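A.B. asks: can you look at this prediction? I've put the sequence above it.
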Amino acid sequence: MTDDYRAGFACFVGRPNAGKSTLTNAIIGSKIAITSNRPQTTRHVVRGILHRPDSQLILVDTPGYHKPKNVLGKRLNEEVRETWSEVDVIGLCIPANEKIGPGDRYITREITAQKAKVVAVVTKIDLVSKTDVAKQLMAVNDMADFADIVPCSAVSGEQVDVLVDVLSKYLPTSPQLYPDDMITDEPERVMIAELVREAALEGVRDELPHSIAVVIEDVEIEDLEDGPRTKIYAEIYVERSSQKAIVIGKAGSRLRTVGTHARKEIAKLLNQRVYLDLHVRVAKDWQTNPKYLQRLGF
Ligand SMILES: Nc1nc2c(ncn2[C@@H]2O[C@H](COP(=O)(O)OP(=O)(O)OP(=O)(O)O)[C@@H](O)[C@H]2O)c(=O)[nH]1
């Protein structure tokens, strides 16, 4: 380790759908944050760690910051603010293909008041012409006095390495904070729950926008003759019985598909054979009931 080794925390912020999760995945190179083309799917703070010879960049993936509508919304915003106050660098994501709006300005004011360095990231540059990228860079430059401005595309990979260099530059000199082989310190249960939730939402996002939560009840490792197998018991919570019917599908057909998809993803994550036991339960109005929120891990 060199004397000028740097290590520290960074997070991406920005309006829903700005590309924060996709960028995190592009940097870490493993599916740790859940993405979707629907806003506000990133519920949990997920860390990914990028190890380089001269630095360690620890990415904290925050949920979208938005106007709170209920208890859950308020909790999420508190969580986001807490994250902002703890990181060394904040990457403000602004899509190249959308006009800067009041939401972006609001977030910019909030984060430039933090002690962290703020790097503006113009995302999704693969979607627009070079001229439009240049225009967006200028518009972003007029918004605030950012430490840096980096255009990139998480999908084509263009400039992602430059972004990593820039973010790492603003980390404090520090000893290594995590062991070399660690990619994430997010508890596996949370990641497993996210994979089940993602599978359960697949294809029915319009009907079940934010009404699904998943709790992992139990995880056991079985020692079978032909090797170990992870046995997972998960419960999918919905708010109404009509939603339960959607998740389960005709004669349980949809739930079986959800189980198969989730099991494959979990097996990839754990690098092990997986048995997944899924149950769907109705927890009326869990989003506004503090008792449920606590039980569901919010
Ligand atoms: N073409 C293109 N699409 C992208 C890029 N980055 C993200 N997207 C797409 O934009 C959508 C939103 O991306 P996410 O990474 O989920 O956005 P997010 O900011 O994490 O969204 P929330 O979780 O809602 O806050 C997805 O459909 C992505 O595939 C990019 O660089 N290029």
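C.D. replies: That came in fine, so what should we check first?

A.B. asks: mind listing what's buried along stretch 232-245?
C.D. replies: By neighbour count with 16 or more other Cβ atoms under 10 Å, stretch 232-245 contains the buried residues 232, 234-239, 243-244. Every residue, glycine included, has its C-beta placed from N, CA and C.

A.B. asks: so what pLDDT did the residue lying closest to residue 177 once chain neighbours are set aside get?
C.D. replies: Of all residues not flanking residue 177 in the chain, residue 7 sits nearest, at 4.8 Å (Cβ to Cβ, 6 or more residues apart in numbering). Listed pLDDT for residue 7 reads 90.

A.B. asks: pull up the residues of the stretch 51-200 of the chain that are close to the ligand.
C.D. replies: 64, 123-124, 126-127, 153-155 (Cβ under 6 Å from any ligand atom).

A.B. asks: and with 5 Å instead?
C.D. replies: Contact residues, the stretch 51-200 of the chain versus the ligand (Cβ under 5 Å from any ligand atom): 64, 124, 126-127, 153-155.

A.B. asks: which element, helix or strand, includes residue 274?
C.D. replies: Element membership for residue 274, per DSSP states H and E: strand 273-282.

A.B. asks: touching, residue 108 and residue 92? I think so.
C.D. replies: Yes: in this structure, residue 108 is within contact of residue 92 by Cβ atoms under 8 Å, at 6.4 Å.

A.B. asks: more neighbours: the two, which one.
C.D. replies: A direct count of neighbours by other Cβ atoms under 10 Å for residue 108 and residue 92 places residue 92 higher, at 26 against 21.

A.B. asks: what bridges to the more buried one?
C.D. replies: residue 13, residue 120 (DSSP bridges).

A.B. asks: burial measure for residue 4, as a count.
C.D. replies: 8.

A.B. asks: show me what contacts it?
C.D. replies: Applying Cβ atoms under 8 Å, 6 or more residues apart in numbering to residue 4 gives the contacts 54, 173.

A.B. asks: 7 Å instead?
C.D. replies: For residue 4, the contact set (Cβ atoms under 7 Å, 6 or more residues apart in numbering) comprises residue 173.

A.B. asks: could you check how far it is from the ligand?
C.D. replies: According to Cβ to the nearest ligand atom, to the nearest Å, residue 4 and the ligand sit 31 Å apart.

A.B. asks: what about that residue, which SS state?
C.D. replies: Secondary structure for residue 4, judged by DSSP: H, G, I helix; E, B strand; the rest coil, is coil.

A.B. asks: and the residue nearest to residue 255 when sequence neighbours are not counted, how far is that from the ligand?
C.D. replies: Once flanking residues are discounted, residue 255 sits nearest to residue 248: 4.8 Å by Cβ to Cβ, 6+ apart. Per Cβ to the nearest ligand atom, residue 248 is found 26 Å from the ligand.

A.B. asks: residues of whichever strand or helix holds residue 257 that come out buried?
C.D. replies: Assigned by DSSP H and E, residue 257 belongs to helix 253-270. Judged by neighbour count using 16+ other Cβ under 10 Å, the buried positions of helix 253-270 are 254-255, 258-259, 261-263, 265-267, 269-270.

A.B. asks: and the residues you listed near the ligand, which?
C.D. replies: Among those, not one lies near the ligand by Cβ under 5 Å from any ligand atom.

A.B. asks: nearest to the ligand among those?
C.D. replies: Of all those, residue 265 has the smallest distance to the ligand: 16.3 Å, by Cβ to the nearest ligand atom.

A.B. asks: mind listing what that closest one touches?
C.D. replies: By Cβ under 7 Å, 6+ apart, the residues touching residue 265 are residue 195.
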